[in-house]
Structure formats: structure tokens, C-alpha cells
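K.L.:
okay, predicted coordinates and the sequence, questions at the end:
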Amino acid sequence: MFDTHPALPLLLRRWPEALRFKLALALLLAILFASFRVAPQGDVAEYSLATVAVASHGTPDIRLEDIARAKQLFPEIGGTYDLLDADMRAGVPRVYPAFLRGRGGEVYTLHFWGYSALAAVPYKLFELAGLPPMKCYQALNLALVYILGLSLYRLFGSAPKALLGVGLFMLCGGALYWTWSSPECVDAAALLAGMVFFSTGAPLAGGLLAGMAGQQNPTILFFFGFAPLVLVCLRHRPGADLRQVVGAGMQRRYLAGIAAGLALFAIPPLFSLWQFGLPNVIAQRYSNPALIGAARLVSFYFDLNQGMIVGIPGVLGALVLWGWPPRGAGLRRQAAVLAACAGFTLALALPALAVLNWNSGAAGVMRYAFWASMPLLFALLLRLQASPRWPPALLLALGLVQGAAMLSAASYGYVEFSPLARMMLRFAPSLYHPEPEIFAERLNHNDDYIQPQQVFVHRVGARAVTTLYNGTVPFGERQLCGEGARLAPDNRYTDSAYGWRYIDGPVRCIAGGVRQRVLRADEFRLGEGIALAAGWSGVEDDGKAWHGVWSDGARSRIAIALEADWQPATLTLQGSYLDGNRRTRVIVDGADFGWLALDRPQALTLPRGPAGARVLQIELEHEAPHAPGGGSPDTRALALFLTTVVLR
């Protein structure tokens, strides 16, 4: 590719392939750098202020002038800067939560400032050159991609293969995060490059890269246990002991690489101990080991919104399908390497399960799962390196699948369901029960902690298909069934984590041993099994106590869809009246119950209807509908404010 192309100038063709590779990769990354704007994402308030601080006065403590400068550069998040500014001016001891006061009263970022200190170098250069200073993050992210490219050239010894390896990294999440003003791309590229360098005889470079990545994501500490294990798996031969595998003349180099990486890794906890009295404030304040469990572990790898499967489906498929079951010593070594890499990614995942904010900001695949997937990508790269000829069909399929994955991941925000998740919730909801926080926040399109008294209902059209409630407190059951009733045992339940439960399909309730269905404002608005057919105004809901719908006119009609397997025996209508109204005439399926006071509800015995699914028809005649008066501009003819319909 690089040696035989006739269009290449003679001088260029005479350059060593390594030099041509470096120039080609630099050119490609420069084109990327010039073509995209920086995305202020991922704890941007912290990293931007620390970058400005280091670039301006050489220290990471945040000052008021740093805030003023950052507001000029990232005005879109000026509100966050203002909160910190106000706290600092007021001298409050506990400033805006993403920041902390140190032992001398200075303000520092909650996340360590190592990434920002590195970004301060291109920041200063761009500022002097008149370029947008905040593109420093893109420059830093791509610089690590470049270093990754150098490691891949070392691994493959081939420029085309190394370029394909860099492209594969970009298609495994790099394309999603390289524009972010946060360390995800740096950490993923450094982790992958560190593993490559360590396994190809450059342990010092590998250890330093892993130590740098671990400054922002401490679980990368596991590198220093798993990288030597992978090396042992690669070099193992039948009958060789550990000393022979590592090599007596190389032990010191590898130990030196591990020691150097650990020294770099140790800077953040030591700084945190000195300034805040804790080695890791985030682990102390913003995580909970009790959250670690099966639901989050499955979510980490397989959630269709942000799990690892979203980021590397092609890589996982290639690892599973290519060349297994292993045959021969070489493939057995590859199997051992894959097992070690799988253990590494699991070790990276488990501590991340403790974070409080599980549905955190992400570009498709969650940030933790992006860099935690690098050991599996490394295993595939080693599999490719061991293959004398790369299968074209596999490479094409891998590229297409990963490209489609990146396009899909870029098409939705982290408070929206992904296209795959929407498809599952629509066509196979009983097979998809995400971790509760993901379901709740993406259903409601917000980023907030969910509370056990809340109920979350996913509907397809007017039909409730998935309901999430917390079974450890009575609030959810009351909302679903009303006072004095409870959920029926024949609902289709699926237990999730922390007391949350899913119900698939319609929610069934019982009261006194009898099945019950309660319809309120939400059902009125969405037409959930009930249609306000005529004579009604819009549903009114103030979020506190005013939930229902006003009648409008002399007569109103209601239609309620009944399931084929249930014929309710009684109907109760409940509401309140506008002055001048005290009663309502009620007719159900032609049976006239006369004039009733619906502000003092009573159960009406329903006439027996035909078997099978049917629609219950309710007609209401109002006593004295009129406009509210008293100077109100409301001209509706109001009588009854209907709040609840109960079928038993």
C-alpha cells in the first residue's frame, strides 16, 4: 500500500514505512481536528476550570478570574460557573458539589486535575496562536489516539494494519468521545496502548500510560495485575515455568514499568489525602457498594441503551465466532489471553457498579463501559496479530457492524431510549427490563434520582405495556390501585434491583379479595382504557391535589374498555361539584341509576353484560351546569369535576 502506489513521489516512497505511517496518521488526525468542534460534555465545568487555572497561574486551584475566563470560552454552561462563583464570593465552606475546598480554603475540582494539566499545554499554545483555546481537549484526545497508533504499528509491524487498528478503536467508541472535553478517549486509548506496549516489550511506556489513565479512572489500577497475566499467557509454552516465561533478563524492566505506572497512579490519592483528608472523595461521597449487584452487572454489559454491547457488538461477535473452538498451542494461548482480558474487563466493571448516578451522561455506550471494553478489543487485536492473513469477510463485517453501532449510538441522548430499546419495548417488552434508573429517567426524559414512591408506566399508544414500581413501600401500590386495594398476585411480575418490580401488560388490582381497576387523571389524559367520549373539558393536573376533568355542558359520556377475562360487578364514580350542583343522573349500558351525589361515592351494581371484551357505556346528566362567574373569564358550562372511576 505504502511502497508500491505509483502516485507517490519518489522521495516519499524511499522513506521508511514507519515514518510514512506516522505522517499519514498525523495527517488523518489533523483533518479530524480541523473538521469538528469541541463538545462541552462530561464534567466539563470541572475540567475547563482546572485547565484555565493551570494555564493561567500554574496551579490547579480555582480562582474567580478563572471562572470569568471559562464563561467566555464555554458560555453555554455559564449557569454552572455562576453557582460556583456565588459560593466562592460568599465564602461558604461547601461550594457547588463538583468542587471542594482544600485544607487552606482553596477550591479544587472533585475529579483530579491531571487531564486538565495535560490539556493546559495545547490550551496555552492555541491561546498564543489565536486559535480557540478549548480545542485543547480535542488535541489532547487525538494525541493519545496517535500514541495508540504508534503502539499498534509496534504490534503489527505494518502501516495498513496499524491504521486499520486505529480505525477500529474509533469505531469502538473513540468516534463518540474524542470531541468531548473529558478524559474518556484519553483513558481508553492510553489503556489500550498501555496493554499493547506492555505485551510487546515496552513495559515502561505501558506502565506510564496506564498510570496516567488511572489518575482519572482509578479502577484502571487492575492493569498492573492483568497486564503481567496477559504477558504470561502470551509467552507460555508447555513445560516452561514462570521465570522462564517472563525471562530472567527482563524481570527488572517489567517491574520498573509497573513501579513507574503505580507512582503516577498514586499522585491523585496522595493529593486528595493532603487536601481533603480522603484518598478518594468520589468513592466516599458519590458511590455506594450496596448498589453492586446482578442488575447493574447485566446492565453494564448488555443494556440496549448504554451497555458495552452498544459499543462493541462486532468485536464481541468476532471474538465468539472467529476460530473457535481453539485448536493447537497457538489458539490455546489466544484462548488464555481472551480469558485474562475478560477477567480484566470484569475487574474494571465491578467497582463502577457502585456509582450513585447509573444513568449518567453518555454518548451511546456509557463512559465506564467504553474504556472497560478495551481489554476485549486488545484480545481481538492480538488475535489479528497472530493471524498471517486477515479474513476480508470478517474485517468487512466487523467494520459494518461497528460503523452501524456508532451511528446508532450517536442518534440519541442519554435521557432517551435507544432505537434498539424502543424496538424491544414496543414489540417484546416482557423480554426487556432495564436497570430501574435507566428505565425511569429515559422514560421521563430527565436526569434525576428516582424515588421509591414514584410509578413509571411505558405505554404504546394508549396501552400500558410496562409498569415499574417499588414494592418496599406502599406508595406505588396505592397509586396503581387506590386506597384499600392491592396489586393482584396474577400480574406478570419481574423483580429488579433495590425493591423495584416490573409489571408487564395491564395492571390488575384487588380489594377485599376482588379484582379492582382504578382510573384517574393520567388514564383520562392518555385514554388508558377509558375514553371521555363527549361533554368533557381538558384534564387538569396541578401536580399536587387537583387531578381530574370538568364536565362541560348538560351531558357527558364515558366509554371504558373491559378485558375479555373480567366482568366487573360494581362501578364507583367520584368527584366534586361546582356551586349550584349537588347530584348527577347516571345511566350505565342503558340502566338508569337515577340522580346520585357523586361527591359521596357509592358502588353501583352493574348490569350483566355479554361475555368477552366489550365497552362499558356511561352517560351523565348534570343538574345545573354553568360558568364559574365571579369575574372569571372561564365560559365553560361546568358541573362535575370527575377525579376517580373504580371498577370492581
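P.N.:
Noted; the coordinates are in hand. Just so it is clear, the structure is predicted and the values come from calculations on it, not from any experiment. Numbers count the residues shown, from 1 in each chain.

K.L.:
can you give me the mean pLDDT across the helix or strand in which Ala119 is found?
P.N.:
Assessed by DSSP states H and E, Ala119 sits inside helix 114-129. Averaged over helix 114-129, pLDDT sits at 94.

K.L.:
in that helix, what's buried?
P.N.:
For helix 114-129, the neighbour count (16 or more other Cβ atoms under 10 Å) marks 114-124, 126-127 as buried. All C-beta atoms are positioned from the backbone trio N, CA, C, and that covers glycine.

K.L.:
so what's the gap between it and the chain middle?
P.N.:
29 Å (Cα atoms, centre = their mean, to the nearest Å).

K.L.:
hmm, back to that, quick one: which of the buried residues of helix 114-129 is nearest to Lys135?
P.N.:
Phe126 (6.1 Å; Cβ to Cβ).

K.L.:
ok, how many other residues are close to the residue lying closest to the closest one once chain neighbours are set aside?
P.N.:
Nearest non-adjacent residue to Phe126, counting by Cβ to Cβ, 6 or more residues apart in numbering: Pro133, 4.8 Å away. Neighbourhood size, Pro133 [other Cβ atoms under 10 Å]: 25.

K.L.:
just checking, Pro133 touches Ala119?
P.N.:
No: Pro133 is not in contact with Ala119 according to Cβ atoms under 8 Å; the separation is 9.6 Å.

K.L.:
buried set for the helix or strand just after the helix holding Ala119?
P.N.:
Next helix or strand after helix 114-129 toward the C-terminus (DSSP H and E): helix 136-156. By neighbour count on 16+ other Cβ under 10 Å, the buried set for helix 136-156 is 136-156.

K.L.:
which other helices and strands does helix 136-156 contact?
P.N.:
helix 17-35, helix 44-57, helix 114-129, helix 159-169, helix 184-199, helix 374-385 (3 or more Cβ pairs under 8 Å, 6 or more residues apart in numbering; DSSP states H and E).

K.L.:
ok now it, how far from the chain's centre?
P.N.:
26 Å.

K.L.:
helix 374-385 and that one, what's the angle between them?
P.N.:
Relative orientation of helix 136-156 versus helix 374-385 (axes from the mean of the first three to the mean of the last three Cα atoms, to 10 degrees): 40 degrees.

K.L.:
what is the mean pLDDT for helix 136-156?
P.N.:
Mean per-residue pLDDT for helix 136-156: 96.

K.L.:
equivalent analysis for stretch 217-225, please.
P.N.:
93.

K.L.:
ditto for stretch 194-205
P.N.:
The average pLDDT within stretch 194-205 is 94.

K.L.:
gap between it and the chain center?
P.N.:
Relative to its chain's centre, stretch 194-205 lies at 32 Å (Cα atoms, centre = their mean).

K.L.:
who touches it?
P.N.:
148, 151-152, 154-155, 193, 206-210, 213, 223, 227-228, 230-231, 234, 250, 253-254, 256-258, 260-261, 374-375, 378, 381-382 (Cβ atoms under 8 Å, 6 or more residues apart in numbering).

K.L.:
again, only this time at 6 Å
P.N.:
Here stretch 194-205 makes contact (Cβ atoms under 6 Å, 6 or more residues apart in numbering) with 151, 154-155, 206, 209-210, 227, 230-231, 253-254, 257, 260, 378.

K.L.:
same deal with stretch 372-379?
P.N.:
Outside stretch 372-379, the residues that reach it (Cβ under 6 Å, 6+ apart) are 172, 188, 191-192, 195, 308, 311-312, 315, 337-338, 341, 344-345, 348-349.

K.L.:
local confidence estimate at His458?
P.N.:
For His458, the predicted pLDDT is 90.

K.L.:
tell me the contacts of it?
P.N.:
Leu425, Leu443, Val465, Thr466.

K.L.:
what's the closest non-adjacent residue to Leu140?
P.N.:
Going by Cβ to Cβ, 6+ apart, Leu140 has Ala119 as its nearest residue, at 4.8 Å.

K.L.:
pretty sure the one you found contacts Thr51?
P.N.:
Yes: the pair Ala119 / Thr51 is scored as a contact, 4.8 Å apart, by Cβ atoms under 6 Å.

K.L.:
domain map for the protein?
P.N.:
Using automatic domain parsing, the domain parsing of the chain gives 44-110, 136-409, 420-512, 518-647.

K.L.:
which one of these lies closest to Leu27?
P.N.:
domain 136-409 (11.0 Å).

K.L.:
tell me the spacing between Glu619 and Ala397.
P.N.:
Computed as Cβ to Cβ, to the nearest Å, the Glu619 to Ala397 distance reads 63 Å.

K.L.:
between these two, who's got more neighbours?
P.N.:
Legend: neighbour count by other Cβ under 10 Å for Glu619 and Ala397, higher for Glu619 (18 against 15).

K.L.:
got phi/psi on that one?
P.N.:
phi -120, psi 130 (degrees, to the nearest 10).

K.L.:
what pLDDT is listed against it?
P.N.:
94.

K.L.:
ok, it touching Ile558?
P.N.:
No: in this structure, Glu619 is not within contact of Ile558 by Cβ under 6 Å, at 8.0 Å.

K.L.:
flag the shaky bits of the stretch 401-550 of the chain, pLDDT-wise.
P.N.:
461-462, 526, 528, 542-545 (pLDDT under 70).

K.L.:
how does it look with 90?
P.N.:
Across the stretch 401-550 of the chain, the ranges flagged by pLDDT under 90 are 426-427, 430, 444, 446-455, 457, 459-465, 471-491, 498-499, 505-534, 537-549.

K.L.:
which parts of it are strands?
P.N.:
456-460, 463-470, 486-487, 492-495, 500-504, 509-511, 514-519, 530-534, 536-541, 547-551 (DSSP state E, counting those that start in this stretch).

K.L.:
of those strands, which is nearest Phe439?
P.N.:
Smallest distance to Phe439 across those (Cβ to Cβ): 5.6 Å, for strand 463-470.

K.L.:
can you give me the buried ones in that closest one?
P.N.:
By neighbour count with 16+ other Cβ under 10 Å, strand 463-470 contains the buried residues Ala464, Val465, Thr466, Thr467, Leu468, Tyr469, Asn470.
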